[in-house]
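Enquirer: Turn this into a structure:
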Amino acid sequence: MTDKSGALVELSVNELFNESARYIIPIYQRNYAWSNIEREQLLEDIRDAEQEYFLGSLVVYERDDAVYEVIDGQQRLTTLFMLLAALKKNPPFKSLMFEARRKSNRTLEKISNGSTDFDEEFYTKELLDALNHFKKEVDPDSEIIDKLQNTKLLRIIVPKDTDLNHYFEIMNTRGEQLEAHEIVKARLMSNIVGEEAQEKRSVFSKVWDACSHMEKYVQMSFTVEDRKKLFGSKYEKLNFSDFGDVFQNLYSATDGKEGKLSTTLSVIDAIEEYSKINNIKDNESEDEGDQRFESIITFPNFLLHVMRLYKNKKTDDDGALDDKKMLEIMNDEINPEKFIVQLLKARYLFDQFIIKREYYGKHSEEGAWSLSKLKYYKTDNNNKVDYVHTFSNNSARNDEDNRHKKIRMIQSALRITYTSPKTMHWITDSLAFLMENINKEDISQDYLWLLENYARQKIRESGYKKNDGFNIERVVFTYLDYVLWRDGYEDEIKQLEDYEFTFRNSVEHFYPQNPDGNEGYERMGVTDLNHFGNLCLITSSANSKFSNQSPKAKLTNENTIKSSQKLRIMASIAKNKDWNEEVIKEHGAKMYEILEQELKKGSVPRYS
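Expert: Numbers count the residues shown, from 1 in each chain. From the prediction side, this is the model:
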């Protein structure tokens, strides 16, 4: 997007330096200081870009026509200059200059002219280090040239009347650049035009900022008055259907400055808006909700889930949840008024029906999986907000409804299986289902079916019976553990009431791959060793402790044994039998039978 007024311009790296544009690094900026670590990260980001990729923002003050004083982003800008020079795409002389630094400017001049003759006594070593590093790491004939055309920076020109001291005060407080989602917010707000545009932007900004605070329930990111307007007197329903309703509920004349945004982006406005997110205080007891919960995804990732809902995308495309592609995905085709309503609805549903990590009570240090909804109480002295089980009518926290517990457990199983935000498609599916069934009184049974069926389908797609060893996908292990917990397998499994899914990413061979020969254990054939019956999923740290221990020796590590339902069964067997090829095949056959019976339940969601 290019703003002809000059306030906000997207430029590819190839377009950044040209004959007309000049960038001046002012004397108050520090010297160039990036190391090879930062340079390699930048190269990696560029190489990973598939289509349009947002590299960051460059904040400048226009001193004269096309002469820009660099306020923020000079390290990245200087590094890109050196990268282009190393690729023999030498930026023009004076396209980048340092104010009152003769050695640096002499160095840049010789680099622009393609010179290779440098004496470090007369030239800036840090700049030459960057140039020489890129000469070693990149080939001028490589595909990175094409990548640079699709790698974008956002050049933001601060208004002429900007108080630069105020700007630096804000930036020092933030300690970071504008992020991609903040740029998306500014884009969408600038697309709100026409009658009452400024007032609508104010409301848009208020909702966006409330939704962005993922560590507290969205209702608590509004003032008490606004909560009641949007979510009812007890904060438990949606009092709006479209942007007109939201606008009528939220706008007041005192909010005008919140949406202060001309048809171009004012960087000061954008930063200040983001900086005051959820700085809300009132007389209501919130039970420290903003410190109590931890979301399983970040706000940028949440935006991408909502974008999938907005576009009605149902395929498991990992690129659709890649926050590095946010500016490409969230383009100008979005209707900002429709999107912000979808965002608010989705956050409300996400908070109630998607697990969080809760740090409270006996779990205040390590946290526990929580599936809770916000509940409002009115007492003699004040109003109180607490959190109760989503699918239980009983407010007592130790009296869980069985279906509620199953939903919490299957979600935690999916969470520890799909650890990358790009692969958490079950969240989009959940939100789509919740949107469609938002007015139904009891959705627990159908919702549980949806979640279980998602895992079943993933197991089918994995071709689990054709694979062995490390080729068996994690979902096979985690969903089997869930089914063993849900249905019970022998008395010992049924008695484990406090079982919880923990992050496990290492496939463990219960019979070791390289036994040390003690206790009569010899090396086992590869087929039996890698059989499903000999495998389970544990943490990497536990794997290193188990290492090449014999099955008998592993039985002493009770905490690791308890982390997997399948491992608990294997350990129980090994207490009474030699863990050999025959036992491995017998156990594997039983586990496969359980999975096969589970997969016969069908693939069509019951709610469709």
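Enquirer: how distant is stretch 207-224 from the center of its chain?
Expert: Its chain's C-alpha centre and that of stretch 207-224 lie 18 Å apart, by Cα atoms, centre = their mean, to the nearest Å.
Enquirer: tell me the mean pLDDT over that stretch?
Expert: Per-residue pLDDT over stretch 207-224 has a mean of 94.
Enquirer: which residues in the stretch 351-500 of the chain form strands?
Expert: For the stretch 351-500 of the chain, the strands defined by DSSP state E, counting those that start in this stretch occupy 356-358, 368-370, 372-378, 383-389.
Enquirer: strands paired with the first one, and their directions?
Expert: Same thing as strand 356-358. strand 293-294 (antiparallel), strand 368-370 (antiparallel) (DSSP bridges).
Enquirer: Minimum distance to residue 443: which of the strands of the stretch 351-500 of the chain has it?
Expert: Checking those against residue 443 by Cβ to Cβ gives strand 372-378 as the closest, at 12.8 Å. Placement of C-beta: from N, CA and C, glycine included.
Enquirer: Pull the residues that contact the closest one.
Expert: Strand 372-378 is contacted from outside by 217, 219-220, 233-236, 289, 351-352, 356, 358, 383-390, 395, using Cβ atoms under 8 Å, 6 or more residues apart in numbering.
Enquirer: before we move on, what SS does the closest residue to residue 127 other than its chain neighbours have?
Expert: Sequence neighbours aside, residue 107 is the residue nearest to residue 127 in space, at 4.9 Å (criterion: Cβ to Cβ, 6 or more residues apart in numbering). Following DSSP: H, G, I helix; E, B strand; the rest coil, residue 107 is assigned to helix.
Enquirer: dump the residue contacts of residue 107.
Expert: Neighbour list for residue 107: 118, 123-124, 127-128 [criterion: Cβ under 8 Å, 6+ apart].
Enquirer: Now list the buried members of the residues you listed.
Expert: Using 16 or more other Cβ atoms under 10 Å as the burial test, the contacts of residue 107 include 118, 123-124, 127-128 as buried.
Enquirer: which residues of the stretch 101-250 of the chain score low on pLDDT?
Expert: Along the stretch 101-250 of the chain, the model assigns pLDDT under 70 to residues 120-121, 161-178.
Enquirer: Let me see the ranges of the helices in it.
Expert: With DSSP state H, counting those that start in this stretch as the criterion, the stretch 101-250 of the chain has helices at 102-112, 125-137, 144-150, 164-174, 180-190, 197-212, 224-231, 243-250.
Enquirer: counting contacts, what elements does the longest one pack onto?
Expert: Think helix 197-212. helix 180-190, helix 243-250, helix 267-275, helix 299-311, helix 336-353 (3 or more Cβ pairs under 8 Å, 6 or more residues apart in numbering; DSSP states H and E).
Enquirer: nearest to residue 421, of these?
Expert: Proximity to residue 421, assessed across those by Cβ to Cβ, is greatest for helix 299-311 (4.4 Å).
Enquirer: same for the next helix or strand after the closest one, what does it pack against?
Expert: Counting by DSSP states H and E, the next helix or strand C-terminal to helix 299-311 is helix 326-329. Helices and strands touching helix 326-329, by 3+ Cβ pairs under 8 Å, 6+ apart, are strand 53-64, helix 180-190, helix 299-311.
Enquirer: Of these, which is nearest residue 481?
Expert: helix 299-311 (25.7 Å).
Enquirer: Report the buried residues of that closest one.
Expert: 299-310.
Enquirer: and which of these is nearest residue 562?
Expert: The closest of the buried residues of helix 299-311, once distances to residue 562 are taken by Cβ to Cβ, is residue 301, at 31.3 Å.
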